[in-house]
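J.: below: sequence and its predicted model.
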Amino acid sequence: MSKKPKSKKTRILLTILFVLINVGVIAITAFTEFGNPKEVSTENVEFNFWYLLPALFLFVLAIFFEIFRYVLMMRKATDVYKGKGGFRKAWKFARNTVLIGRYYDNITPAAIGGQPFQIYYMNKNAGLKGGLATTIPIMGMISGQIGFIVIAVLCFLFASASTKDVALMAAACFGLLFYAFWPILVLIATFLPKSTSELIVLFVRLFVKLHIIKDKDKAIARADRGVSEYSRCVKMILKTRGLFLKTILVSILFHVLFCSIPFFVLTAFGGRIDFLPCFVTTVAVTSAIYFVPTPGNAGAAEGTFFVVFSALSSGSVFWAMLTWRFFSYYSYIIMGGITYLLMYIDKKKALPQKTS
């Protein structure tokens, strides 16, 4: 009898702790990035609120396409979300998956936290069979990276003259190698499962020697089953007619919309710049800072994105940069916190009510 109140108190404390962590993350990163009071000046700041409306519209539309990418995979790769009410149910789980992933991507170094939490959430809640709950988040990430690579390659080949910063373009090309790493790794794991299993055996033996894994045979057997199931699910998604191509096209739309936002932010603060140079520079900067191992690329994002915002006066740069970081960083942390709150409320509603 004494365990239930204790469990309830623990959940409440964990919820409060989670909220405080969210507030702390936002406060620390904001102070780190924009904590210099000398930069905060409203003198000679030209601002037109109406130009931020297109930026907000593009942001909302970009989020829509990112969620829709997961809905596509969930509805095409399984029968769970087909039929009446299937789209709405798939949208709910896809929305939570995307926003949870984005939240953890932005609070963990090198954005390594997103996919593990997405996989955990889908395995626990989405009702997907086999390895699909693992495969869909990974394929979502892979299609997103391929979509960005397509845009970046086109920009660098045909519009690189729009930016004259040679060092930035060199760093951007280097960053594309990191973008290509995971897609290549997934293809190797999918089509060369035996080689992947042999590599896993080597790591298991290493972990056994380090006393991290106790039962070598059990760990190898579990890894082999996981690789086989994962390979089967990825192949199924790749073989589903047009599905992977559709996810890449949706990803391209997402990145085009998202990389267009800085142009309208700049224009809102009085910047005088053409769309194409701004877009290409934004793509180059996004690629260049990808491998920076800080949460949300903090520090590197502000320093590198100064290339984009340098068209503004000194007083406007701070506010324009803060606005852009809200779209690209803080909004995801806020939406992630709200998502967890809504999930908690849904979970409370689903619990059986006590009768007197």
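T.: All right, it came through fine. Numbers count the residues shown, from 1 in each chain.
J.: need the contact list for the residue nearest to residue 191 when sequence neighbours are not counted.
T.: Nearest in space to residue 191, with sequence neighbours left out and distances taken as C-beta to C-beta, 6 or more residues apart in numbering, is residue 231 at 7.8 Å. No exception for glycine: its C-beta is placed from N, CA and C like everyone else's. For residue 231, the contact set (C-beta atoms under 8 Å, 6 or more residues apart in numbering) comprises 189, 190, 191, 193.
J.: of those residues, the lowest pLDDT goes to which?
T.: Lowest pLDDT among the contacts of residue 231: residue 193, with 73.
J.: gap between that residue and residue 230?
T.: For residue 193, the distance to residue 230 equals 8 Å [C-beta to C-beta, to the nearest Å].
J.: and for residue 122?
T.: 14 Å.
J.: what's the helix or strand containing residue 133 packed up against?
T.: Assigned by DSSP states H and E, residue 133 falls within helix 132-158. Packing contacts for helix 132-158, counted by 3 or more C-beta pairs under 8 Å, 6 or more residues apart in numbering; DSSP states H and E, involve helix 52-76, helix 86-107, helix 114-125, helix 166-191, helix 216-239, helix 243-268, helix 275-288.
J.: any low-confidence regions in the chain?
T.: Within the chain, the segments meeting pLDDT under 70 span 1-47, 108-113, 129-130, 159-165, 226, 291-315, 350-356.
J.: find the residue at the geometric middle of it.
T.: residue 102 (3.9 Å; C-alpha atoms, centre = their mean).
J.: for that one, what are its contacts?
T.: 114, 332, 335, 336.
J.: circling back to that earlier point, residue 122 and residue 230: who's more crowded?
T.: Using other C-beta atoms under 10 Å as the criterion, residue 122 and residue 230 rank with residue 122 on top: 24 against 21.
J.: and for the closest residue to the more buried one other than its chain neighbours, the neighbour number?
T.: Using C-beta to C-beta, 6+ apart and skipping the chain neighbours, the partner closest in space to residue 122 is residue 133 (3.9 Å). If you count neighbours by other C-beta under 10 Å, residue 133 ends up with 24.
J.: go on, residue 202?
T.: Residue 202, neighbours per other C-beta under 10 Å, totals 9.
J.: work out for me the element it sits within.
T.: Per DSSP H and E: helix 193-209 holds residue 202.
J.: list the buried residues of that helix.
T.: By neighbour count on 16 or more other C-beta atoms under 10 Å, the buried set for helix 193-209 is 193, 196, 197, 200, 204.
J.: could you do stretch 238-253 as well?
T.: 243, 244, 246, 247, 248, 249, 250, 251, 252, 253.
J.: does the second one really touch residue 237, like I thought?
T.: Yes - in this structure, residue 244 sits in contact with residue 237. The criterion is C-beta atoms under 8 Å, and the distance is 6.2 Å.
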